[in-house]
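J.: no sequence for this one, just the structure:
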RNA sequence: CGGGGCGUGGCGCAGCCUGGUAGCGCACUUGCAUGGGGUGCAAGGGGUCGCAAGUUCGAAUCUUGUCGCCCCGACCA
């Protein structure tokens, strides 16, 4: 591409609402433009990178034996009603009607459509296993789209769905996808980690997410420093303390704690560690009542874990102030388990405490010296808290660290969740009908582009990994418009790179060198060759790598060979 | 959904409090100079101030409504 022919210029200033670095750089380089909240136009420069990511994904999916197809973005509501997700999916599902008043959705994912295809087309176990995939736009009406294309409403996704005769085959298909994903992210040049995950709204049992490690990531992930255990914070199991609970030493006393509505205030007023306090959280119950969830004062409740408890309503909701009053006779801040009559769950760590402090179900009062088994019944002990850095790893080796990640891939073993609801079966070797087992596997193609920038940039701009750079080489001629020699040399070089099949950008704009240097760095093109009269006199060109700070003179005789060597090393 | 904030040329902003017919920087156009790190000088083009209604002789400015967007929160017990 000749840069003089690209009408999109780079920006020095960026819209004030762009927060994260990838969003700012994508706007400044002219990769994307915002159309509306969560909707982005991919301009020529951005699309080049997007297509390169797509190509790598496609190559590795094909290599893993998956078959590409393409499904409509618009789907009939009947399929969603059949799977049950018409009700379960919530407002993120964009629903609309056509001129005949028939209901449709804009697909946020395609389990229903692919299962419909599978039940029509697949008749025999001999056709299994099979894995279908597509790379296509999805729409999810996010509560709060943000961070540019990182959490957009419409985005490009690679989604794959596999069908199997039994669980063993599903596990094998899942393993193949795990390996394909690892190859994909490695080829793209990302620092990533596969972590144990929750199924979320897609459902299913076994599932792992692939996270790109970056400070700006929206997810917290916990990983062991002793082995390769890694899990989304939502899922990371906290290990129950092994020691026996200390014996009760204090007697139960009620103490005044005026306005101590938070653990921080409470522990300050009483001069005790937050870890000796118990937080009582009331959440809505499944049967209409409330459920008490107890965690240690220095711990945080984990909503994903808590809503797996049978009595807890899904999705998890904190009880309203009115219901708190009905259930306890007091207001939030002074709730405790002692006179509470509803269902009580205590986190393992809270259940392990002796002589602890908790609310007295009376305004401005707490109990001290509370002991399980003596002052109230032994609790049902469960894991309902987030792990913290320093906690022992559930793998038994090492302690947990917390890092932030951007979820770029997610793989699931769905089992028979959809195939059962939608009656997708095949005949087995005995001629008996068997419900198929399914897996599904997603990659956020557009999100990968943003994640790559988050992970690799500096003060001057993007530093693209080789594999997804919009151009591999940029040619910067000095005084292109005035110097015939420079122009001829640059044009010749541009042709040679093109013939060699290397993606080359020629900055033939009538701009000063400083502008071109700044732009080449902003755009993050890995290899730069400067062509100037001085160098031509000496028979040299100037080479510089985007990541480096030094330029080196190279001979004019074979710059293409020089770059090819760099690309292959 | 709750709280806060913002809508003024393509982008970043000032003007609004105290009404008098819109300004600055970047970008863009033209010319001259410059030509190895976002160069300088000069001359230009471009905005019915989100939209609607109201108050007023007069509204970017005051009032009401409406639409759009952004940020924070959604463990607080």
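T.: The structure has been received and is ready for your questions. Computed from a predicted structure; not experimentally measured. Residues are numbered from 1 along each chain as shown, chains lettered A, B, ... in the order given.
J.: low-confidence regions, chain A specifically.
T.: Counting by pLDDT under 70, the low-confidence segments of chain A come to A:199-204.
J.: find the centremost residue of it, please.
T.: residue A:407 (1.8 Å; CA atoms, centre = their mean).
J.: wasn't that residue part of a strand?
T.: Yes - the assignment for residue A:407, made by DSSP: H, G, I helix; E, B strand; the rest coil, places it in a strand.
J.: tell me what it is bridged to.
T.: Beta bridges link residue A:407 to residue A:211 when assigned by DSSP bridges.
J.: quick check, it in contact with residue A:442.
T.: No - the criterion here is CB atoms under 8 Å, and residue A:407 misses it with residue A:442 at 9.5 Å. C-betas here are computed from N, CA, C, even on glycine.
J.: state the number of residues packed around the closest residue to residue A:398 other than its chain neighbours.
T.: Spatial nearest neighbour of residue A:398, excluding adjacent residues (CB to CB, 6 or more residues apart in numbering): residue A:226 at 1.8 Å. Around residue A:226 there are 14 other residues, counting by other CB atoms under 10 Å.
J.: for residue A:401, see how far away residue A:226 is.
T.: Computed as CB to CB, to the nearest Å, the residue A:226 to residue A:401 distance reads 10 Å.
J.: and what of residue A:69?
T.: 41 Å.
J.: do the same with residue A:538
T.: Counting by CB to CB, the gap from residue A:538 to residue A:401 is 53 Å.
J.: now residue A:440
T.: 30 Å.
J.: neighbour count: the two, which is higher?
T.: Between residue A:440 and residue A:401, counting by other CB under 10 Å, residue A:440 is the more crowded of the two (27 against 15).
J.: the helix or strand encompassing the more buried one packs against which elements?
T.: Under DSSP states H and E, the secondary-structure element containing residue A:440 is strand A:437-444. Strand A:437-444 is packed against helix A:111-121, strand A:154-164, helix A:167-188, strand A:400-415, helix A:417-421, with contacts defined by 3 or more CB pairs under 8 Å, 6 or more residues apart in numbering; DSSP states H and E.
J.: can these go into JSON lines with extra columns for distance to RNA strand B?
T.: Compiled in JSON lines, the helices and strands packed on strand A:437-444 are given as follows (distance: least, CB to the nearest atom of the strand, whole Å):
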{"stretch": "helix A:111-121", "distance to RNA strand B": "25"}
{"stretch": "strand A:154-164", "distance to RNA strand B": "13"}
{"stretch": "helix A:167-188", "distance to RNA strand B": "25"}
{"stretch": "strand A:400-415", "distance to RNA strand B": "13"}
{"stretch": "helix A:417-421", "distance to RNA strand B": "26"}
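J.: need those in JSON lines with distance to residue A:542, can you?
T.: Formatted as JSON lines, the helices and strands packed on strand A:437-444 follow (distance: least, CB to CB, whole Å):
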{"stretch": "helix A:111-121", "distance to residue A:542": "53"}
{"stretch": "strand A:154-164", "distance to residue A:542": "37"}
{"stretch": "helix A:167-188", "distance to residue A:542": "29"}
{"stretch": "strand A:400-415", "distance to residue A:542": "36"}
{"stretch": "helix A:417-421", "distance to residue A:542": "58"}
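J.: closest one to residue A:144 among those?
T.: strand A:154-164 (14.8 Å; CB to CB).
J.: chain center to stretch A:174-183: distance?
T.: Taking CA atoms, centre = their mean, to the nearest Å, one finds stretch A:174-183 lying 17 Å from the centre of the chain it belongs to.
J.: which parts of it are buried?
T.: A:174, A:176, A:177, A:178, A:180, A:181 (16 or more other CB atoms under 10 Å).
J.: and stretch A:107-124, by the same measure?
T.: A:107-119, A:122.
J.: partner strands of the strand holding residue A:440 and their direction?
T.: Counting by DSSP bridges, strand A:437-444 is paired with strand A:154-164 (antiparallel), strand A:400-415 (antiparallel).
J.: how many other residues sit next to residue A:165?
T.: Counted with other CB under 10 Å, residue A:165 comes out at 21.
J.: residue A:413 and residue A:441, how far apart?
T.: For residue A:413, the distance to residue A:441 - CB to CB - is 10 Å.
J.: what's across from the residue in the stretch 101-250 of chain A positioned nearest to RNA strand B in the sheet?
T.: Going by CB to the nearest atom of the strand, RNA strand B is nearest to residue A:146 of the stretch 101-250 of chain A, at 4.2 Å. Beta-bridge partners recorded for residue A:146 (DSSP bridges): residue A:151.
J.: what of residue A:343?
T.: Per DSSP bridges, the residues bridged to residue A:343 are residue A:291.
J.: so it sits against residue A:311, correct?
T.: Yes - the pair residue A:343 / residue A:311 is scored as a contact, 4.8 Å apart, by CB under 8 Å.
J.: now the common contact residues for these two.
T.: Residues touching both residue A:343 and residue A:311 (CB atoms under 8 Å, 6 or more residues apart in numbering): A:285, A:291.
J.: contact partners for the closest residue to residue A:250 other than its chain neighbours?
T.: Excluding its sequence neighbours, the residue lying closest to residue A:250 (CB to CB, 6+ apart) is residue A:369, at 3.2 Å. By CB under 8 Å, 6+ apart, the residues touching residue A:369 are A:248, A:249, A:250, A:251, A:252, A:253, A:355.
J.: check contacts around residue A:198.
T.: A:207, A:232, A:234, A:235, A:304.
J.: go again with 7 Å.
T.: Listed by CB atoms under 7 Å, 6 or more residues apart in numbering, the contact set of residue A:198 reads A:232, A:234, A:235, A:304.
J.: equivalent analysis for residue A:323, please.
T.: So residue A:323 contacts residue A:290 (CB under 7 Å, 6+ apart).
J.: and it, how far from residue A:457?
T.: 48 Å.
J.: the spatially closest residue to residue A:190 that is not a sequence neighbour and residue A:305, how far apart?
T.: Once flanking residues are discounted, residue A:190 sits nearest to residue A:212: 5.1 Å by CB to CB, 6+ apart. Separation of residue A:212 from residue A:305 (CB to CB) stands at 25 Å.
J.: got it, and residue A:487?
T.: 66 Å.
J.: for residue A:205, same thing?
T.: 15 Å.
J.: next: residue A:81.
T.: 30 Å.
J.: the more surrounded of those two?
T.: For residue A:81 versus residue A:305, neighbours defined as other CB under 10 Å are more numerous around residue A:305 (23 against 13).
J.: check whether the helix or strand encompassing the more buried one contacts RNA strand B.
T.: Remark: residue A:305 resides in helix A:303-306, with elements defined by DSSP H and E. Yes - counting by CB under 7 Å from any atom of the strand, contacts between helix A:303-306 and RNA strand B involve residue A:303.
J.: next one: that helix to chain centre, how far?
T.: Remark: helix A:303-306 is offset 19 Å from the chain centroid, using CA atoms, centre = their mean.
J.: show me what that helix is in contact with.
T.: A:198, A:234, A:283, A:293, A:312, A:316, A:383, A:384.
J.: isn't there a strand covering the fourth one?
T.: Right, the one you point to is residue A:293. Yes - judged by three-state DSSP, residue A:293 forms part of a strand.
J.: and it, how close does it get to residue A:382?
T.: For residue A:293, the distance to residue A:382 equals 9 Å [CB to CB].
J.: which one of those two has more residues nearby?
T.: Applying other CB under 10 Å to residue A:293 and residue A:382 shows that residue A:293 carries more neighbours, namely 28 against 19.
J.: what residues does the more buried one make contact with?
T.: Counting by CB under 7 Å, 6+ apart, the residues that residue A:293 touches are A:281, A:283, A:301, A:306, A:345, A:384.
J.: how many residues are close by the closest residue to it other than its chain neighbours?
T.: Of all residues not flanking residue A:293 in the chain, residue A:281 sits nearest, at 4.6 Å (CB to CB, 6+ apart). Here the count is done by other CB under 10 Å, and residue A:281 has 19 residues near it.
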